[in-house]
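**Q** Give the three-dimensional model of this entry:
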Amino acid sequence: MPVIPDYHAQLYSTNKKGNPMNDQPKLRWGILGAARVNERLLPAIVEARNSQLVAIASRRPGAALETLKKHAPQLEGQVATYDNLQALLDDDNVQAVYIPLSNHEHAEWAPKAMARGKHVLIEKPMAIRVQDIDAIEAAAKQYNVKAMEGFMYRFHPQHARVKELLDSGLIGEVRAVRASYSFMMRPARMYRLENDCQHGGGAMWDIGPYAVHSARWCFDRDPIAVTAISKYTESGADIATSGVIDFGDGKHARFDVSFECSRQSTYEMIGTKGILTCQAVWQLPGDVPVISWSTEDGRSSIERLPAANHFNLEIEHFSDCVLNDKQPLLTFEDARMNCRVIEAVNEAAKTGRVVKF
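**A** Residues are numbered from 1 along each chain as shown. You can find the predicted model right below:
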């Protein structure tokens, strides 16, 4: 379970005169798509102290400019807007690209961006096939650029606090995990069900990556088998999936993801001495993170932590990695394993079999 560094402390230390280092270089970002995630992602780039938004593109005429006006109107005229994705990649002013395109398109556009010398932060999932992640990694090495899967939640300080509590031995050895992620499907989000599971559609490829990733983080070990059940739409996309991930030695994670339940994003660890719960993984600006725990000896606590913008912290981390030649926190091997588990979950749900690794 890797420690999440305090990026603000690292990036924004003071100089010898005690003044903030506000004149540091900034990574110039382009956004490859006008997806809904821009309502959080675009302002995070604008507000990041080591980043600068310089371009946004969409294939829908006028959508890039509309997105800019909606989320950063003060930058109209300063940020290039394109009605063609390739035009953004051809813009030499862009150093790094965020890719929030449809899941099945990541494997195509990430290498294209790298071939133009761009560093890439790819909205989860990095790809929907392990071999595509291999190809993205090969392109990153070939063109000497950085790449990372975009799990913004991992950069929120609340998880560092969870790690602290676990390391203290508070709940003993973790034996079981519960991970629940869901929201009610709205008409504006129906595009998530257009493709079948094989082509990146459905709940498992949309919010399932959080369930799998957080469960794996809780155990910090690779799983050995999965079993699952799904409810499908006419398109072949799952609208809800539940299952069990076997981590060996009697350790397991139960998960459920759904577009038919109220909004939740929770993981809970059950140890030999107690229980620890992260109440809300998806944090909105200004939200107060809550961690609760109880132990067999009668102790309990509800901890309320300072608010933080995990999108902003993710952008600052990746920008720091590019500007200072550091390795991103989330690795290609991590992305491969997450993809492998989701593929196995979909197979298990389709066949009714336990799928072993």
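
**Q** hang on, Arg154 is in a strand, isn't it?
**A** No: the assignment for Arg154 is helix, going by DSSP: H, G, I helix; E, B strand; the rest coil, so no strand is present there.

**Q** which ones are touching it?
**A** Residues in contact with Arg154, defined by C-beta atoms under 8 Å, 6 or more residues apart in numbering, are Ile4, His213, Trp217, His310, Glu314, Leu329, Leu330. Every C-beta, even on glycine, is put in place using the N, C-alpha and C of the backbone.

**Q** Kindly reformat those as TSV containing pLDDT.
**A** Rendered in TSV, the data for the contacts of Arg154 read as follows (pLDDT from 0 to 100):
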residue	pLDDT
Ile4	46
His213	98
Trp217	96
His310	97
Glu314	98
Leu329	97
Leu330	98
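
**Q** Restricted to helices, list the residues you listed.
**A** Counted as lying in helices by DSSP state H, out of those, are His213, Trp217, His310, Glu314.

**Q** Centroid-nearest residue for the protein?
**A** Most central in the chain under C-alpha atoms, centre = their mean is Phe151, positioned 1.6 Å from the mean C-alpha point.

**Q** Wait, that residue touches Thr331, no?
**A** No: with contact defined as C-beta atoms under 8 Å, Phe151 and Thr331 do not form a contacting pair (11.5 Å).

**Q** which other helices and strands contact the biggest helix by length in the chain?
**A** The residue-count maximum for a helix in the chain (DSSP H) belongs to helix 332-351. The criterion is 3 or more C-beta pairs under 8 Å, 6 or more residues apart in numbering; DSSP states H and E, and the helices and strands that helix 332-351 contacts are helix 130-143, strand 147-150, helix 203-206, helix 208-219, strand 225-232, strand 238-248, strand 355-356.

**Q** looking at these, which is closest to Glu76?
**A** Comparison of the helices and strands packed on helix 332-351 against Glu76 by C-beta to C-beta identifies strand 147-150 as nearest, at 25.6 Å.

**Q** So what angle separates the directions of the following helix or strand past that closest one and helix 208-219?
**A** Where DSSP states H and E defines the elements, the next helix or strand beyond strand 147-150 is helix 157-167. Between the axis of helix 157-167 and that of helix 208-219 there is an angle of 30 degrees, by axes from the mean of the first three to the mean of the last three C-alpha atoms, to 10 degrees.

**Q** Report the mean confidence score over helix 157-167.
**A** Averaging pLDDT along helix 157-167 gives 97.
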